[in-house]
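Undergrad: Turn this into a structure:
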Amino acid sequence: MIVDNNLYMSDAQALTAAAASTKSLDMATALRNVGSGEPIELVVAVKSALLASGGAANLTVALQDSADNSSFTTVVTGPAVAKASLVAGFELLRIRLPAGLRRYIQVYYTPDTNDFTSGTVDAFLVLDRQDNVARPSGFSVL
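TA: Residues are numbered from 1 along each chain as shown. Alright, predicted model coming up:
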């Protein structure tokens, strides 16, 4: 998948406690030249493993929108993901952007039970899904 640097909301964002993405996107300008009718997906993935301060921890990711880039409202909330799954490369959320979003969007991260001591996340928009299936070396199709 090819990602435009201007469409990142979190780029290796350190995550220790509940927080919004480091950047919100202005949909009036960020997507101005994107083809009409193209499905646009939000991808939120673990960049480096998220480690909790102790015991259990879950992370929930939400897409939020705003008319004024100040007061954000949650539009979509993903499932709570357990600490054991929060390893590099794990996709926390991948959804098509819903219709009717207001001008600005951001991602909001909410850990529960325990905060994280280290780890980073990425959140960005893409046009195309990459669904490669990894095959072992020497694999052949008959």
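Undergrad: What residues are bridge-paired with residue 64?
TA: With DSSP bridges as the criterion, residue 64 is bridged to residue 74, residue 106.
Undergrad: okay, which residue is most central for this structure?
TA: residue 44 (1.8 Å; Cα atoms, centre = their mean).
Undergrad: Need the three-state assignment for that one.
TA: strand (DSSP: H, G, I helix; E, B strand; the rest coil).
Undergrad: wait, doesn't it sit right on residue 95?
TA: No: if you go by Cβ atoms under 8 Å, residue 44 and residue 95 don't touch, sitting 9.0 Å apart. C-beta coordinates here come from the backbone N, C-alpha and C atoms, glycine included.
Undergrad: what touches both of the two?
TA: Common contact partners of residue 44 and residue 95 (Cβ atoms under 8 Å, 6 or more residues apart in numbering): residue 78.
Undergrad: ok, residue 108 to residue 128 distance?
TA: 25 Å (Cβ to Cβ, to the nearest Å).
Undergrad: the helices in this structure, which residues?
TA: 27-30 (DSSP state H).
Undergrad: What ranges in it fall below the confidence cut-off?
TA: 1-2, 29-37, 129-136, 139-142 (pLDDT under 70).
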